[in-house]
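Trainee: coords please:
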Amino acid sequence: MSTDLLATSATLAAVTSSASPLATGIPFPDIPRGFSIGPLTIHWYGLMYALGFLLAWVLGTVRARRSDNDWDPDEVTDLIFWCALGVVLGGRIGYLLFYGWTRIAEDPLYIVRIWEGGMSFHGGLIGVLVAIWLYGRKSGRGFFRVGDFVALLVPLGLFFGRLGNFINGELWGKETDVPWGMVFPGAGDVPRHPTMLYEAVLEGLVLFAILWIYAGRRPPVRAISGAFLLGYGVFRFAVEFLRVPDVQLGYLALDWVTMGQILSTPMILFGAYLIWSAYQRPRQDAEPQRVETADQP
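Mentor: Numbers count the residues shown, from 1 in each chain. Modelled structure (predicted):
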């Protein structure tokens, strides 16, 4: 009887072990980082950014052609170009300053190898804010009118950017036993949260839906910008609890505070302030208006 009991226990343990996601997990798909067309090598990471910019241009052009909008499709092309520069330059410089500055001394050429990953959203945001400020002055629309227009176009670009992170097998999360846990290359043999996919859904699809519906209610100027900052900040702050911090930084305080959470906190606070202040201003500020500048005819 004791022999049968031991055999039954061993069988149950084997079944439990084989059924446990923590023991197996979903294997990471074998996706090459790029593909070649003749002598040209195209990296998926860069292609995801290009798709994000393209979709932003399409959505911006659609909105510009609406009868309740005073934007011209040609203006959208210029605006997307400036914002794309801000994303790439700001994102890369921001990553090197916030996360990767220790690698520069070891490998200076790492600065230009963008296809390997290493783009900071918060750095890219700063770059885009600079582009918005410059374009707002050039067009006479003002910072927040341009910012509200751009804010609607960003989330789907973030969605593609996070897919690029997934293809690169980077920014994975902590160990988990959830059924969708994945075994990432270079992260051991245990399943982990696919946090880049969480961010793709939350910061990309969910945030886009929220902003698109909110914009349909014609909120006052700066409210959409505030909603974007608040929404992204909250989603990013939450996902950081499941994401493994950058190894060169680790946790910065209390054994759980990450650089991403520190950088997202001002976004949450300022976003909430922008929404509040937008509704304190006279309602006519929400109507389309162009501020004439000296360089305009």
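
Trainee: Burial check on the nearest residue to Phe228 once chain neighbours are set aside, number of neighbours?
Mentor: Spatial nearest neighbour of Phe228, chain neighbours left out: Ala151 (3.9 Å); criterion: C-beta to C-beta, 6 or more residues apart in numbering. Just so you know, the C-beta spots here come from the backbone N, C-alpha and C atoms, and that holds for glycine as well. Ala151: 25 surrounding residues under other C-beta atoms under 10 Å.

Trainee: my guess is Ala151 contacts Gly231, does it?
Mentor: No. Using C-beta atoms under 8 Å, Ala151 makes no contact with Gly231, being 9.6 Å away.

Trainee: so what's in contact with these two at the same time?
Mentor: Leu211 (C-beta atoms under 8 Å, 6 or more residues apart in numbering).

Trainee: Just the pLDDT for the residue nearest to Trp133 when sequence neighbours are not counted.
Mentor: Nearest residue to Trp133, sequence neighbours excluded (C-beta to C-beta, 6+ apart): Phe143, at 5.5 Å. Turning to Phe143, the model gives it a pLDDT of 95.

Trainee: in what helix or strand does the residue nearest to Met119 when sequence neighbours are not counted lie?
Mentor: Nearest residue to Met119 in three dimensions, chain neighbours excluded: Gly91, at 3.9 Å (C-beta to C-beta, 6+ apart). Here Gly91 sits within helix 73-98, counting by DSSP states H and E.

Trainee: Report the rounded mean pLDDT for that helix.
Mentor: pLDDT averaged over helix 73-98 gives 89.

Trainee: Also stretch 231-242?
Mentor: Rounded mean pLDDT across stretch 231-242 is 97.

Trainee: Could you find the residue nearest the spatial middle of this structure?
Mentor: Leu158 (3.9 Å; C-alpha atoms, centre = their mean).

Trainee: For burial, what's the neighbour tally of the nearest residue to Thr176 once chain neighbours are set aside?
Mentor: In space, and not counting its chain neighbours, Thr176 is closest to His193: 5.0 Å by C-beta to C-beta, 6+ apart. His193 sits with 22 neighbouring residues when counted by other C-beta under 10 Å.

Trainee: Please look at His193 and Pro179 and confirm they touch.
Mentor: No. Distance between His193 and Pro179: 11.8 Å, which falls outside the contact criterion (C-beta under 8 Å).

Trainee: show me where the stretch 1-150 of the chain has strands.
Mentor: Using DSSP state E, counting those that start in this stretch, the strands of the stretch 1-150 of the chain run over 26-27, 34-37, 40-43.

Trainee: And these: which comes nearest Glu175?
Mentor: strand 26-27 (13.7 Å; C-beta to C-beta).

Trainee: So which other helices or strands are in contact with that closest one?
Mentor: On a contact count with 3 or more C-beta pairs under 8 Å, 6 or more residues apart in numbering; DSSP states H and E, strand 26-27 meets strand 182-183.

Trainee: next one: the strand it packs on to chain centre, how far?
Mentor: 21 Å (C-alpha atoms, centre = their mean, to the nearest Å).

Trainee: can I get the strands of the stretch 1-150 of the chain in CSV with distance to Asn69?
Mentor: Shown next, in CSV, are these (distance: least, C-beta to C-beta, whole Å):
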stretch, distance to Asn69
strand 26-27, 44
strand 34-37, 38
strand 40-43, 35
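
Trainee: Many thanks, have a good one.
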